[in-house]
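Peer 1: Need the 3D shape of this:
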Amino acid sequence: MPAPSSSKRLQNQVALVTGGSSGIGAGVAKSLAAEGARVFVNYSRSANDAAEVVREIEQAGGQATAVQADVSREEDVLRMFDQIREQAGTLHILVNNSGIQDDAPLLDMTLEQWQKVIGVNLTGQFLCAREAAREFVRRGPQPEISKATGKIICMSSVHELIPWAGHVNYATSKGGVMQLMKTMAQELAPHRIRVNSIGPGAIATPINHSARDTPQEEKNLLTLIPYGRVGEPADIGHVAVWLASDESDYVTGITLFADGGMTLYPGFADNG
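Peer 2: The predicted structure is shown next:
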């Protein structure tokens, strides 16, 4: 876990990290808390994992609360935002991180697999972003806390750009996140609400563990990463802190790829 920063770039701000109980979400939650934010750690089913993230944040001197919601269900999202307002008064930062995979070749993929992934990865981001934006507009600016009225960070992927055979539901959801983010950024900028995405590449999390099961599999994965290493959740956490801070106040409507160069299409490094 990152050491608490003396600068506390997010002091007195309230953040929600969806899917914050493991992987990238847990890394982001810890990084935001280390910079002074009070963090709500969302989980769908993994209450024990969320409690462990909260415990680690509190042991490091931060503030955190676990909050349950299935982000694909509107009633759950509304209840979660009511709980945040009741306990913290408002929200300043949303990290739309919840995401799942349910992979199959196109010819074998069921409608249920398609709808489940789109429901969490895309509809869930819409529902949470809508409620966050409504809260930001309701509250209005707090320039003593943040230059922006609110910050929304969508967790996308290199697969908003790179097609991924065998994962058509996941890749489609991330392409949708890209346009969702850009359209929200365009619409919400007059309210001084900033909306951006992070596009992780290969990050060492449970969701992609099968790609790293053996030394050979990890070696194969590294051929896709010019920088020569698999990323860690903290790598994404550091990016999220910057996008949530006043240091990026003039940044909106972008996907910041944190991928070790995966989007450089390394297969073409030797002229293809």
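
Peer 1: burial count for Tyr265?
Peer 2: Neighbour count for Tyr265, taken as other C-beta atoms under 10 Å: 13. From N, CA and C alone the C-beta is placed, and that goes for glycine too.

Peer 1: Against Thr223, how distant is it?
Peer 2: Look at Tyr265 and Thr223: by C-beta to C-beta, to the nearest Å, they are 12 Å apart.

Peer 1: Over to Thr183?
Peer 2: In terms of C-beta to C-beta, Thr183 sits 35 Å off from Thr223.

Peer 1: So for those two, which sits in the more crowded spot?
Peer 2: Taking other C-beta under 10 Å, Thr183 and Thr223 do not tie; Thr183 has more neighbours (12 against 9).

Peer 1: For that one, identify the helix or strand it belongs to.
Peer 2: helix 168-188 (DSSP states H and E).

Peer 1: List the buried residues of the following helix or strand past that helix.
Peer 2: Note on helix 168-188: by DSSP H and E, the next helix or strand toward the C-terminus is strand 193-200. Neighbour-count burial for strand 193-200 flags 193-200 (criterion: 16 or more other C-beta atoms under 10 Å).

Peer 1: Would you mark the buried spots in whatever helix or strand Lys219 lives in?
Peer 2: Assessed by DSSP H and E, Lys219 sits inside helix 215-222. Residues of helix 215-222 classed as buried by neighbour count (16+ other C-beta under 10 Å): 221-222.

Peer 1: Export the worst-scoring helix or strand of the chain on mean pLDDT to CSV, keeping only CA atoms.
Peer 2: Every helix and strand of the chain was ranked by mean pLDDT, DSSP states H and E. The lowest is helix 215-222, at a mean of 90. The C-alpha trace of helix 215-222 is given here as CSV (Å, rounded to 0.1, in the frame of the first residue of the first chain):
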residue,chain,number,x,y,z
PRO,A,215,6.5,-18.7,-16.7
GLN,A,216,5.8,-19.3,-20.4
GLU,A,217,2.4,-17.7,-20.3
GLU,A,218,3.9,-14.6,-18.5
LYS,A,219,6.7,-14.6,-21.1
ASN,A,220,4.2,-14.6,-23.9
LEU,A,221,2.3,-11.8,-22.2
LEU,A,222,5.4,-9.7,-21.9
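
Peer 1: continuing past that helix, what's the next helix or strand?
Peer 2: Heading C-terminal from helix 215-222, the first helix or strand you meet, by DSSP H and E, is helix 233-244.

Peer 1: Output the contacting helices and strands for that following helix.
Peer 2: helix 23-34, strand 93-96, strand 150-155, strand 193-200, strand 255-258 (3 or more C-beta pairs under 8 Å, 6 or more residues apart in numbering; DSSP states H and E).

Peer 1: tilt between the first one and strand 150-155?
Peer 2: Pointing back at helix 23-34 there. 150 degrees (axes from the mean of the first three to the mean of the last three C-alpha atoms, to 10 degrees).

Peer 1: Flag every buried residue along helix 23-34.
Peer 2: Applying 16+ other C-beta under 10 Å to helix 23-34 flags 23-34 as buried.

Peer 1: Tell me how far it lies from the chain's centre.
Peer 2: Taking C-alpha atoms, centre = their mean, to the nearest Å, one finds helix 23-34 lying 10 Å from the centre of the chain it belongs to.

Peer 1: for the fourth one, same thing?
Peer 2: A distance of 8 Å separates the C-alpha centroid of strand 193-200 from that of its chain, computed with C-alpha atoms, centre = their mean.

Peer 1: Pull up the pairing partners for it, direction included.
Peer 2: The pairing partners recorded for strand 193-200 under DSSP bridges are strand 150-155 (parallel), strand 255-258 (parallel).

Peer 1: try the second one
Peer 2: Using DSSP bridges, strand 93-96 pairs in its sheet with strand 14-17 (parallel), strand 150-155 (parallel).

Peer 1: List the contacts of Thr90.
Peer 2: Applying C-beta atoms under 8 Å, 6 or more residues apart in numbering to Thr90 gives the contacts 14, 135, 139.

Peer 1: Please report phi then psi for it.
Peer 2: Backbone torsions for Thr90, taken as degrees, to the nearest 10, come to phi -160, psi -170.

Peer 1: same question, Arg192
Peer 2: Backbone torsions of Arg192, given as degrees, to the nearest 10, read phi 60, psi 40.
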